[in-house]
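[1] after the sequence you'll find the predicted model.
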Amino acid sequence: MHAAERSEPLPAWSLPAGAEKNIALEVDWPPKVTREWAWGGSTGRGVRVCILDSGVEPDHPLVGPVEDAVAVVRGPDDEITIQPDEEGDLCGHGTACAGIVRALAPDCTLFSVRVLGAGYTGSGAILVAGLRYAIENGFDVVNMSLSTTKQELAASLHQLADVAYFKKTMLVASAHNLPVESYPWRFASVLSVGSHDRPEGLDFFYNPEPPVEFFARGVDIDVAWMDGATLRVTGNSFATPHMAGLCALVLGAHPELTPFQLKSVLYLTASNVIGSP
Amino acid sequence: MTEDELRAAVAAGVLGSEQGHRELLRSIVEVARAIFHSQAASIFLLDEEADELVFEAIAGEGSESLVGTRFPSSTGIAGWVLVTRQPLVLEDVGQDPRFAKDAAEATGYVPKGLMAVPLLHEEKALGVLEVLDRPHRPGAALEEVELLGLFAGQAAIALDLLQAARRARAALEGSPGELQALARLAATVDRLQDERRATGLELLAALDRLLGDKSRAGEPPGSPAF
């Protein structure tokens, strides 16, 4: 999909009479959006994917190269800084997510932002700082297999999610099935993910009854883990990198897509959305 | 002495003993183990002040002697689950025990698989519940995660009450003798049964009328102040 070059800048907040021609969008939508059109031939090359998690183990055979890894660190005076990550993965989960993205989009460029390890207290502020860093660095896709229940962070996260949405950074976040309010997956500017138990990594479903928008593979997945190990895992936090990997594939084929358009393409190509032949 | 302190003293008296709370934790892990037919289940609670997870109870395989062991609150599998609020299910199909190092350190038992779920109540994360080595039931994973989430929700409500009682008792321990006497009285009345309870409440109501201020004089008999 390629929009025609616009001759004049768009009006900011209004559309004056006669200005319709300025926002004409000539788009060569295909007659039907197929998976072949959406990501056929794509390997995710050129797409920058950030894993916001527990860190990523360097040189894990199922993850391959990680372009850059930083950790969000709390200093002695409680100030939060971003530093090069010397410790790798503190749990195994970030490595698992990176491996899932890599398996789907083998040529994407992976980055790690570690938001775990600075203690539970204040971990919400670390999460917000990590997300802000990811958005400022203009990653195309940010995998967030995490959430917070802290009400006081909801407004900051909501604001960041909207900034990402308009800066062309697709936030992909795990929904959770526990009976509490949590964020940021509930926000409309985020692509939220729950699990299905089918065995195919490219099988994904659009949920016509949000807030969970998509279901991806989340059961019995063999993943990379710490110390070069592999494990079989289940959880929405592993369904999320499947959608992040799919986003990388689609953006590899169509780098101009905004998050709104990317979500639409994923909707049109979901396994349960069946158009006329 | 403020009215809040008085209320806390009465609450602490009624809410039960530390032993009772140990039994509650024990019951939570026993039920978790029974629901999932697992080899073991264990619970970690967050000590916010120390910013550490404390291993509080275990059912089944593993060592009771490790109860009380402390871990960093944001590393390892339990730390990840606590901080991210996400449940996890891990199976070590390769029989490689490295993944379960933190669980093994806590329980003295090396599991081949585990389910871990955060214990969340309102916006607070209270701890982590782990279910170790349950039989594999093909096709049941999503249902199991759902059930684990529901059970964790119930356990978290119980734990929230437990922690409130612990805080009340801690406040009471540093309080003047009168408050402690009031807490003992509340506990005693709370334990009374049948006729003795009715008599006890009547006595308290009489005391309330006798000692209470004029504004309370019009209240009907049998309405003790707490």
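    The structure has been received and is ready for your questions.
[2] contacting residues for residue 58?
    Went with chain A since none was named. Neighbour list for A:Pro58: A:66, A:69, A:88 [criterion: Cβ atoms under 8 Å, 6 or more residues apart in numbering or on different chains]. From N, CA and C alone the C-beta is placed, and that goes for glycine too.
[3] wait, chain B
    Contacts of B:Ile58 (Cβ under 8 Å, 6+ apart): B:29, B:40-43, B:64, B:66-67, B:107.
[4] list the contacts of A:Ile100.
    A:Ile100 touches A:201, A:221, A:223, A:238, A:241-242, A:244-245, counting by Cβ under 8 Å, 6+ apart.
[5] not counting residues beside it along the chain, what's closest to the one residue in the stretch 151-277 of chain A that gets nearest to chain B?
    The stretch 151-277 of chain A approaches chain B most closely through A:Thr234 (3.7 Å), counting by Cβ to the nearest Cβ. Nearest residue to A:Thr234 in three dimensions, chain neighbours excluded: B:Val89, at 3.7 Å (Cβ to Cβ, 6 or more residues apart in numbering or on different chains).
[6] before we move on, which element is that neighbour in?
    strand B:88-91 (DSSP states H and E).
[7] so where's the longest helix in chain B?
    With DSSP state H setting the assignment, residue counts place helix B:141-173 as the longest helix in chain B.
[8] how about the helices of chain A, start to end?
    With DSSP H as the criterion, chain A has helices spanning A:35-39, A:93-104, A:123-136, A:151-166, A:236-253, A:259-269.
[9] show me what contacts residue 91?
    Just going to use chain A. Going by Cβ under 8 Å, 6+ apart, A:Cys91 touches A:54-55, A:116, A:226, B:75-77, B:79-80.
[10] nope, chain B please
    Applying Cβ under 8 Å, 6+ apart, we find B:Glu91 in contact with A:220, A:231-234, B:112-113, B:136.
[11] for stretch A:165-183, buried residues please.
    Going by neighbour count (16 or more other Cβ atoms under 10 Å in any protein chain shown), the buried part of stretch A:165-183 is A:165, A:168-178, A:180, A:182-183.
[12] buried subset of the contacts of A:Ile100 as a PyMOL selection?
    Typed into PyMOL, the line below selects the buried ones among those, using 16+ other Cβ under 10 Å:
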select buried, chain A and resi 221+223+238+241+242+244+245
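[13] out of the contacts of A:Ile100, who's nearest B:Gly212?
    The closest of these to B:Gly212 turns out to be A:Phe238 (Cβ to Cβ; 62.0 Å).
[14] bridged to residue 113, which residues?
    This is for chain A. With DSSP bridges as the criterion, A:Val113 is bridged to A:Leu52, A:Val70.
[15] chain B, not that one
    Beta-bridge partners, per DSSP bridges, of B:Gly113: B:Glu91.
[16] what is the neighbour count of it?
    Other residues near B:Gly113 come to 23 when the count uses other Cβ atoms under 10 Å in any protein chain shown.
[17] need the helix or strand of the chain with the lowest average pLDDT.
    Just going to use chain A. The weakest-scoring helix or strand in chain A, judged by mean pLDDT, DSSP states H and E, is strand A:230-234 (a mean of 92).
[18] nope, chain B please
    The helix or strand of chain B with the poorest confidence is helix B:101-107; it has a mean of 64 (mean pLDDT, DSSP H and E).
[19] my guess is A:Lys168 meets A:Phe260, correct?
    No. Between A:Lys168 and A:Phe260 there is no contact under Cβ atoms under 8 Å: 9.8 Å.
[20] now do the same contact list for the residue nearest to the spatial centre of chain A.
    Nearest to the centroid of the C-alpha atoms of chain A, with distances taken as Cα atoms, centre = their mean, sits A:Val172, at 3.1 Å. Shown in contact with A:Val172 (Cβ under 8 Å, 6+ apart): A:141-144, A:190-191, A:193, A:240-241, A:243-244, A:247.
[21] using CSV, please lay out these together with pLDDT and distance to A:Ser156.
    As requested, the contacts of A:Val172 are exported to CSV (pLDDT from 0 to 100; distance: Cβ to Cβ, whole Å):
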residue, pLDDT, distance to A:Ser156
A:Val141, 98, 21
A:Val142, 98, 15
A:Asn143, 98, 20
A:Met144, 98, 14
A:Val190, 98, 14
A:Leu191, 98, 19
A:Val193, 96, 22
A:Thr240, 98, 21
A:Pro241, 98, 24
A:Met243, 98, 24
A:Ala244, 98, 22
A:Cys247, 98, 24
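[22] ok, residue 47 - contacts?
    Here I'm looking at chain A. Here A:Val47 is in contact with A:105, A:108-109, A:140-141, A:247-248, A:251-252, A:255 (Cβ under 8 Å, 6+ apart).
[23] ah, I was thinking of chain B
    Going by Cβ under 8 Å, 6+ apart, B:Asp47 touches B:53-54, B:70.
[24] can you check B:Leu142 too?
    Going by Cβ under 8 Å, 6+ apart, B:Leu142 touches A:195-197, A:218-219.
[25] repeat that for A:Pro184.
    Here A:Pro184 is in contact with A:131, A:144, A:147, A:157-158, A:160-161, A:171, A:173, A:190 (criterion: Cβ under 8 Å, 6+ apart).
[26] one more time with 10 Å, if that's ok
    Counting by Cβ atoms under 10 Å, 6 or more residues apart in numbering or on different chains, A:Pro184 touches A:127-128, A:131, A:144, A:146-148, A:153-154, A:156-158, A:160-161, A:164, A:171, A:173-174, A:190, A:192.
[27] before we move on, what about A:Ala164?
    So A:Ala164 contacts A:131-132, A:134-135, A:138-139, A:142, A:170-171, A:184, A:187, A:189-190, A:259 (Cβ under 10 Å, 6+ apart).
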